[in-house]
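*Asks:* Sequence and predicted model, in that order:
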Amino acid sequence: MRDGGGGSASAMINLFLATGFEEIEAIGTADILRRAGLDLQLVSVTGELTVTGAHSIGIEADALFEDVDFFESDLLVLPGGMPGAANLAAHSDLCERLRDHAYLGRPLAAICAAPLVLGRLGLLEGKRATCYPGFEGELEGATCTGALVEVDGNIVTGKGPAAVFEFGYALVELMKDRQTADALREGMLYK
């Protein structure tokens, strides 16, 4: 997490993969976070290390859900895609970890359809949030803004695939600092 003095490369981030996840949101976010020097692992919730995305691209996860020590997690990230987001929402142990993480005040992030997971758990109550158009009704208690990215306290949400860069940079700023996020934008030729 940010320490006020330039951040820490030791922050542990877990990004969850379920069958049908949106590949660009998962890999784009992971790429940006790793470029920032953050410790990120792709975590499969399927029981298999290889997880197939919404567009039939298989991605090799770093770990299985049941093998992860969530006590060490600083940030939990949910990529969207359908049925990926619905599969994340149906994973009761993941939902329990998300509730525990929120209770501890640690950051949570979800993009595209995945904010529905946080909404169904009541974790967006009183927060500004965004999601893929058509999923607003799933964001229980949230003020849906339609913005590309929303950061409200410990919750970061993104609108969809086109938001992946801003979503990733927002997470870098949250976990490290604005200077690191801006340097990445410049280095990746993102204007």
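*Replies:* Perfect, thanks for sending it. Numbering: from 1, shown residues only.
*Asks:* Now residue 101. Nearest residue, chain neighbours left out?
*Replies:* Distance criterion CB to CB, 6 or more residues apart in numbering; nearest residue to residue 101, sequence neighbours excluded, is residue 76 at 5.4 Å. All C-beta spots, glycine's among them, are computed from the backbone N, C-alpha and C.
*Asks:* any residues touching the helix or strand hosting that neighbour, and which ones?
*Replies:* Using DSSP states H and E, residue 76 maps to strand 75-78. Outside strand 75-78, the residues that touch it by CB atoms under 8 Å, 6 or more residues apart in numbering are 11-16, 29, 70, 85, 88, 97-98, 101, 106-111, 114-115, 117-118, 171, 174-175.
*Asks:* Could you check how far the residue nearest to residue 101 is from residue 94?
*Replies:* According to CB to CB, to the nearest Å, residue 76 stands 9 Å off from residue 94.
*Asks:* and the residue nearest in space to the middle of the chain, what pLDDT?
*Replies:* Nearest to the mean C-alpha position of the chain, counting by CA atoms, centre = their mean, stands residue 77 at 2.4 Å. pLDDT for residue 77: 98.
*Asks:* swap in the one 10 residues further on?
*Replies:* On pLDDT, residue 87 comes in at 98.
*Asks:* cool, and residue 191?
*Replies:* On pLDDT, residue 191 comes in at 77.
*Asks:* And it, how close does it get to residue 63?
*Replies:* To residue 63, residue 191 is 35 Å away according to CB to CB.
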